[in-house]
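[1] requesting a structural model of the entry that follows:
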Amino acid sequence: MLQNFWIGTDFAKLLSSLPVSNESVKTMLESQMKNLAALEEANQHAIDAFHAVFNRQNEILHAAIRESAELVSTPEATFSKQAEIARTATEHTLENLCRMSEMLAAASEKAAAILNQRVKENMEELKTITGPK
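    Residues are numbered from 1 along each chain as shown. Predicted coordinates:
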């Protein structure tokens, strides 16, 4: 039923009948464009962060494979070295997890800062629009 409502609707006529000035509509559209731009920027930061984390995970995986191959290829890789190998692997894993967590936290903070700034701007725009004329 709702689908049929919109068919044949003249939106220009509908909008022109609203008690809103062209300047108000222009201001609202500009505000929404800024909102979309801020959202796009925040999303781009998130995407960049995920790419960076993925690349870092890829580097970690390649390094782990390289280290494992080197350890296996040497005759010194005996049972007595297994504890050292496990300790080193655990340390590397924890360091890498910390780095990736920091990368994600920084990206989240940047995205949140962008959106928070836009919310503040929206509040100022609302004060301007609704303020005394």
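
[2] quick one, strands of this structure?
    Under the criterion DSSP state E, the chain contains no strands.

[3] can you give me the helices in it?
    Taking DSSP state H as the test, the helices found in the chain are 2-6, 11-16, 22-73, 82-130.

[4] could you dump the ones you listed to JSON lines with mean neighbour count and mean pLDDT?
    For the C-beta atoms, the positions are set from N, CA and C on the backbone; glycine is no exception. Formatted as JSON lines, these follow (neighbours: other CB atoms under 10 Å; pLDDT from 0 to 100):
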{"stretch": "helix 2-6", "mean neighbour count": "7", "mean pLDDT": "58"}
{"stretch": "helix 11-16", "mean neighbour count": "9", "mean pLDDT": "69"}
{"stretch": "helix 22-73", "mean neighbour count": "13", "mean pLDDT": "83"}
{"stretch": "helix 82-130", "mean neighbour count": "13", "mean pLDDT": "84"}
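
[5] any idea how far the most centrally placed residue in the chain lies from I65?
    Ranked by distance to the mean C-alpha position of the chain (CA atoms, centre = their mean), the top residue is A46 at 2.0 Å. Plainly put, A46 is 29 Å away from I65 if you go by CB to CB, to the nearest Å.

[6] off-centre distance for stretch 90-100?
    22 Å (CA atoms, centre = their mean, to the nearest Å).

[7] just stretch 115-126 next, same as before
    Stretch 115-126 sits 19 Å away from the centroid of its parent chain (CA atoms, centre = their mean).

[8] kindly report the same for stretch 22-33.
    27 Å.

[9] what's the answer for stretch 95-107, then?
    14 Å.

[10] identify the residues contacting that stretch?
    H45, A46, D48, A49, F50, A52, V53, R56, Q57, I60 (CB atoms under 8 Å, 6 or more residues apart in numbering).
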